[in-house]
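Q: okay, sequence plus prediction incoming.
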Amino acid sequence: MNQQAPIPLSELLLQAAKTFQEVAPQIQAALYEAQESFASFLDQNAEFFEQLDRFLKELQYLPERRREAWVTAAERGWYMNAKTPASMRRTVLNSKDALDSYMIEHLEEDWTAITESILSAHPERREILECAFQLHIEGRYLAAIPLMFAQADGICAQALGAHLFTDHEERDAKLTEMASNTDSFIAILLAVLGRRTQFSAGISKCSAPKKALAPNRNGILHGSHRHLDYGTKTNSLKTFSLLAFTTFILAKATTRKITPVIEEET
């Protein structure tokens, strides 16, 4: 069988060089045209690139601004949960009254889904939790609020190994340890859980402005005469938001079964 002799490497290189010389002018012209088009695009869209530059610079501060927003919400008596829309964070930037209205509407609209997520995470507490939820529905807030406080405290102790309202130093240490083993978003929310607010403040925090922020757990459970006026729908929903948040964030951090459907921010 006749075999064709291999083409020498030198000849292949010469052929390649010749081919390149033939197409080089077209490549150069195409590159020049692309360069001109890109330069024109930059000139026509200078504002876009300025905004992009600002956005990229702002991005590095996003985790801290998220933390500030959730801390502000907690200080006003409200917490996110597994059904909270991302728009809550933007509402926090508005007034306290605007946040109150937003959260009341959200919790009432999503009441069934939120209560079911809490019950699915803690079926061993179903009887007590369902009782607390029913008391709220019936408008018996004086009874609903202490029950929800107790369950938030117990759920925290069960998942974390430290109570939410009493084991302050141990709670904070365990939250810090837990945060070190999770992603940055969950770590931010764990820090919010350990934040001292009107919920956990001393009984002496009983002025009207303080009470407007959140019901005081210590004053209520110790029967203080300075905290007898806590039985309102808003206070009950605020306590419910704390219970839902405690369940949600500790379930996420410990991978306990729950159905999180919180929207991503855009």
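A: Received, thanks.

Q: and residue 26, which helix or strand is it part of?
A: Assigned by DSSP states H and E, residue 26 belongs to helix 9-44.

Q: how about residue 219?
A: Take DSSP H and E as the rule and residue 219 turns out to sit in helix 217-221.

Q: what is that helix packed up against?
A: Here helix 217-221 touches helix 141-160, going by 3 or more C-beta pairs under 8 Å, 6 or more residues apart in numbering; DSSP states H and E. Just so you know, the C-beta spots here come from the backbone N, C-alpha and C atoms, and that holds for glycine as well.

Q: for the helix it packs on, buried residues please.
A: The neighbour-count check on helix 141-160 (16 or more other C-beta atoms under 10 Å) flags 141-157, 159-160 as buried.

Q: just stretch 223-240 next, same as before
A: 227, 230, 231, 234, 235, 236, 237, 238, 239, 240.

Q: what's in contact with that stretch?
A: The contact list for stretch 223-240, computed with C-beta atoms under 8 Å, 6 or more residues apart in numbering, reads 77-78, 100, 103-104, 107-108, 114, 136, 139, 141-142, 144-145, 148-149, 152, 199, 203, 206, 211, 214-216, 218-220.

Q: just the helices in the protein please.
A: Assigned by DSSP state H, the chain shows helices spanning 9-44, 46-59, 62-75, 87-92, 96-109, 111-121, 126-137, 141-160, 168-179, 184-193, 208-213, 217-221, 233-254.

Q: surely residue 157 and residue 163 touch.
A: Yes: at 4.6 Å, residue 157 counts as touching residue 163 under the criterion of C-beta atoms under 8 Å.

Q: so where's the stretch 1-150 of the chain shaky on pLDDT?
A: By pLDDT under 70, the weakly predicted segments of the stretch 1-150 of the chain are 1-14, 16-18, 20, 23, 38, 42, 46-65.

Q: buried residues in stretch 182-200?
A: In stretch 182-200, counting by 16+ other C-beta under 10 Å, buried: 182, 186-194, 197-200.

Q: just those residues now: which is nearest residue 254?
A: Using C-beta to C-beta, the shortest approach to residue 254 within these belongs to residue 182, at 9.2 Å.

Q: mind checking how far the closest one is from residue 110?
A: 25 Å (C-beta to C-beta, to the nearest Å).

Q: got it, and residue 188?
A: Residue 188 is 22 Å from residue 110, by C-beta to C-beta.

Q: and the closest residue in space to residue 77 that isn't next to it in sequence, what does it touch?
A: Spatial nearest neighbour of residue 77, excluding adjacent residues (C-beta to C-beta, 6 or more residues apart in numbering): residue 214 at 3.4 Å. Listed by C-beta under 8 Å, 6+ apart, the contact set of residue 214 reads 76, 77, 197, 198, 199, 235, 238.

Q: rerun at 10 Å
A: 74-78, 197-201, 205, 230, 234-235, 238-239, 241-242 (C-beta atoms under 10 Å, 6 or more residues apart in numbering).
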